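**Q** need a structure here:
(chains A and B)
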2 protein chains.
Amino acid sequence: MNKEYMDLAFFYAEKAYNLDEVPIGAVIVKDDKIISYGFNLKESNKSVLEHAEIIAIREASKKIDNWRLDGCSIYVTLDPCPMCASAIKQSRISFVYSALENLDKENSQLIHKIFENNTINPFVSFESNIDAERSKKMLSSFFKKQRNK
Amino acid sequence: MNKEYMDLAFFYAEKAYNLDEVPIGAVIVKDDKIISYGFNLKESNKSVLEHAEIIAIREASKKIDNWRLDGCSIYVTLDPCPMCASAIKQSRISFVYSALENLDKENSQLIHKIFENNTINPFVSFESNIDAERSKKMLSSFFKKQRNK
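**A** Residues are numbered from 1 along each chain as shown, chains lettered A, B, ... in the order given. Next up is the predicted model:
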């Protein structure tokens, strides 16, 4: 875990914030080099697929020219949803570092199950709540801003 | 359920087959009109995101100009993986018709949980094994062809 990459994920989350998107950012790193990044653009690009992690995975595969992202780490400012968790798993990303645990218990259980299912895809290491206060503060501020509109 | 749309999903699955991709096809329908389709292009496009369902959802959102696909049905030739199931759920697709149940028990349980979790996203109706023999035959033929290479 390198705090610098988490800071960068927050930098991208802030870009989403400024576009009135739920502020979530993601950065993919391999061998201490930044491969790709993404931030939530669901409303702007009118697609549920435009989550930070999906965008980062799409760009990483383009850059590496391979769907296999073995040895990569993904830094995210909030636990991935089941869609993104499964995409991470299938792309064989090796390490997931998340700033904040998913507060929806059912979704949280689901993503743990997705990460732990090693029948088809290899093991993925998952560490959460790395920078919980910062992520909570950003999300709270976002939802407060939206309510006041 | 309209058998004609499932036939069309198989038509697209065959396109994947001919490209040496695991043969899976998907068709999205609304108000008895075909909105979009997709077939597995994971190897060709070098991305785990290039599943039939994801491609179909991406195109449907573009066409409808909205991430909300309420009232749509998706026809698939094999149960979706957790990534696709969660994308279907989040896009608010109303009906899922699958030709064949996922044979991996863990993944099968996961997608049922994803479809049943109605805390955030609305109810999705899921019907499987609609044309199981046809799907099995196509998949077996594909894996046999790959082994013989």
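**Q** neighbours of residue A:118, just the number please.
**A** Using other Cβ atoms under 10 Å in any protein chain shown, residue A:118 has 11 neighbouring residues. Yep, even glycine has a C-beta here, placed from its N, CA and C like the rest.
**Q** Just say helix, strand or coil for it.
**A** Following DSSP: H, G, I helix; E, B strand; the rest coil, the label given to residue A:118 is coil.
**Q** Need the pLDDT of the residue nearest to residue A:94 when sequence neighbours are not counted.
**A** Spatial nearest neighbour of residue A:94, excluding adjacent residues (Cβ to Cβ, 6 or more residues apart in numbering or on different chains): residue A:71 at 5.6 Å. As predicted, residue A:71 sits at a pLDDT of 96.
**Q** and residue A:71, what is it in contact with?
**A** Residues near residue A:71 by Cβ atoms under 8 Å, 6 or more residues apart in numbering or on different chains: A:30, A:31, A:94.
**Q** and the one helix or strand residue A:141 maps to, average pLDDT?
**A** Assigned by DSSP states H and E, residue A:141 belongs to helix A:132-147. Averaged over helix A:132-147, pLDDT sits at 96.
**Q** what's the answer for stretch A:3-13, then?
**A** pLDDT averaged over stretch A:3-13 gives 98.
**Q** Please export the C-alpha coordinates of it as PDB.
**A** The C-alpha coordinates for stretch A:3-13 follow below in PDB (Å, rounded to 0.1, in the frame of the first residue of the first chain):
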ATOM      1  CA  LYS A   3      -0.500   6.400   0.500                       C
ATOM      2  CA  GLU A   4       0.500   8.500  -2.500                       C
ATOM      3  CA  TYR A   5      -1.700   6.400  -4.900                       C
ATOM      4  CA  MET A   6      -4.700   6.700  -2.500                       C
ATOM      5  CA  ASP A   7      -4.200  10.500  -2.500                       C
ATOM      6  CA  LEU A   8      -4.300  10.400  -6.300                       C
ATOM      7  CA  ALA A   9      -7.500   8.400  -6.200                       C
ATOM      8  CA  PHE A  10      -9.000  11.200  -4.000                       C
ATOM      9  CA  PHE A  11      -7.700  13.700  -6.500                       C
ATOM     10  CA  TYR A  12      -9.800  12.000  -9.200                       C
ATOM     11  CA  ALA A  13     -12.800  11.600  -6.800                       C
END
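**Q** what's the helix or strand of chain A with the lowest mean pLDDT packed up against?
**A** Ranked by mean pLDDT, DSSP states H and E, the weakest helix or strand in chain A is helix A:105-116, scoring a mean of 92. Counting contacts by 3 or more Cβ pairs under 8 Å, 6 or more residues apart in numbering or on different chains; DSSP states H and E, helix A:105-116 packs against helix A:82-90, helix B:105-116.
**Q** will you turn those into TSV that also has distance to residue A:139 and mean neighbour count?
**A** Listed next are the helices and strands packed on helix A:105-116 as TSV, based on distance: least, Cβ to Cβ, whole Å; neighbours: other Cβ atoms under 10 Å in any protein chain shown:
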stretch	distance to residue A:139	mean neighbour count
helix A:82-90	16	28
helix B:105-116	23	18
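**Q** how about stretch A:50-64: buried residues?
**A** A:50-61, A:64 (16 or more other Cβ atoms under 10 Å in any protein chain shown).
**Q** Now render those residues as JSON lines, adding distance to chain B, pLDDT and secondary structure.
**A** JSON lines is the format used below for the buried residues of stretch A:50-64 (distance: Cβ to the nearest Cβ, whole Å; pLDDT from 0 to 100; DSSP: H, G, I helix; E, B strand; the rest coil):
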{"residue": "A:50", "distance to chain B": "8", "pLDDT": "98", "secondary structure": "coil"}
{"residue": "A:51", "distance to chain B": "9", "pLDDT": "98", "secondary structure": "coil"}
{"residue": "A:52", "distance to chain B": "14", "pLDDT": "98", "secondary structure": "helix"}
{"residue": "A:53", "distance to chain B": "11", "pLDDT": "98", "secondary structure": "helix"}
{"residue": "A:54", "distance to chain B": "6", "pLDDT": "98", "secondary structure": "helix"}
{"residue": "A:55", "distance to chain B": "10", "pLDDT": "98", "secondary structure": "helix"}
{"residue": "A:56", "distance to chain B": "11", "pLDDT": "98", "secondary structure": "helix"}
{"residue": "A:57", "distance to chain B": "7", "pLDDT": "98", "secondary structure": "helix"}
{"residue": "A:58", "distance to chain B": "6", "pLDDT": "98", "secondary structure": "helix"}
{"residue": "A:59", "distance to chain B": "10", "pLDDT": "98", "secondary structure": "helix"}
{"residue": "A:60", "distance to chain B": "9", "pLDDT": "98", "secondary structure": "helix"}
{"residue": "A:61", "distance to chain B": "4", "pLDDT": "98", "secondary structure": "helix"}
{"residue": "A:64", "distance to chain B": "9", "pLDDT": "97", "secondary structure": "helix"}
